[in-house]
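Peer 1: return atomic coordinates for the entry below.
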Amino acid sequence: MTLQPNGFNHVAISTSDMRKTLLYFNDVLGFPLAALYWMHGVKGTIHGFLTINESALLAFVYHPTVSTNIQVGKTHPGTMDGTSTRGTMHHLSFNVESIEGLANLKDRLTAKGIAFTTPKSNNCSIQFSGPEGMLLEVACKQETNEDDLWDNDAALAVGIDENELEKLKHPKAYSNSNSPIKNVPIGQDAGFRMHYPPALYRTMISVSDETLFNFTQEALPPNQKSPFQMRKVTAGLTLFSHFLYHAIFNSWRKL
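Peer 2: Okay, the predicted model is just below:
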């Protein structure tokens, strides 16, 4: 039984120019196109995927309303020593297997007219800029002393003491029973929530997974009209009744 993730399925980044972005990563880094379609369940939105390896994809999400406003230091870091607001991607680093592989990537970037820098403290990494202000890196593994991996001063600077550092290195294994576990109601959760309107969010977490799946799962992309499905109608009525209840009686409570 899987009780923790074992890697990335895909990293999804917003883009205001899907074509330009896909062409960049396809041409400059050689990632082949894996998929490009209307995003299921999200009207007017396009999802594009590039293959990194057999288990990992690089994805982009396009909608006509995606902002083109870049503010270095807020939305984008600009350089490795720059910052961006919390919860945003600082930089995206890709892997190569060896120094020789990194040298080949350097030649490829140069041939494509992409300038890069090499950190003084790390000859196994190159850094460069991608489309729409993305900060990118290609790195290879290098032999590192065990003592260099854990810096107690750095940990203390962010409020992590020695005991907590050891716990982070060795997280407790999680186990659960075979019985279904209900979604946690708002107010009893850990406080990490998606930004839906209150009544809609309460509806989504209160109905069964089967109801939500039957209403949202589509075999056809959203730009094509789907045939009549009784299970979708039934699920829609269930969702509507829950939504009406939460909109009338629970929407006054803050998330």
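
Peer 1: what distance do you get for residue 100 to residue 8?
Peer 2: Distance, residue 100 to residue 8, using Cβ to Cβ, to the nearest Å: 25 Å. For the C-beta atoms, the positions are set from N, CA and C on the backbone; glycine is no exception.

Peer 1: can you check residue 53 too?
Peer 2: 10 Å.

Peer 1: likewise residue 41?
Peer 2: Residue 41 is 22 Å from residue 8, by Cβ to Cβ.

Peer 1: run through the protein and note the low-pLDDT ranges.
Peer 2: The chain contains residues with pLDDT under 70 at 1-2, 120-121, 177, 218-227, 250-255.

Peer 1: please redo it, this time with the cut-off set to 80
Peer 2: The chain contains residues with pLDDT under 80 at 1-4, 40-41, 120-123, 142-148, 174-182, 213, 215-229, 231, 248-255.

Peer 1: for it, which segments are assigned as strands?
Peer 2: 10-15, 33-38, 46-51, 57-62, 92-96, 125-129, 135-140 (DSSP state E).

Peer 1: between the ones you listed, which gets nearest to residue 83?
Peer 2: Distance to residue 83, taken as Cβ to Cβ, is lowest for strand 135-140 among these, at 11.2 Å.

Peer 1: enumerate the positions of the top helix by length along the chain that are buried.
Peer 2: Counting by DSSP state H, the longest helix found in the chain is helix 230-245. Buried residues in helix 230-245, counted by 16 or more other Cβ atoms under 10 Å: 232, 235, 238, 239, 242, 243.

Peer 1: I figured the fifth one hits residue 205, correct?
Peer 2: Yep, that's residue 242 we're talking about. No - judged on Cβ atoms under 8 Å, residue 242 makes no contact with residue 205 at a distance of 9.9 Å.

Peer 1: mind listing what the residue nearest to residue 165 when sequence neighbours are not counted touches?
Peer 2: Leaving aside its chain neighbours, residue 165 sits nearest to residue 155 (5.0 Å; criterion: Cβ to Cβ, 6 or more residues apart in numbering). Applying Cβ atoms under 8 Å, 6 or more residues apart in numbering to residue 155 gives the contacts 161, 162, 164, 165.
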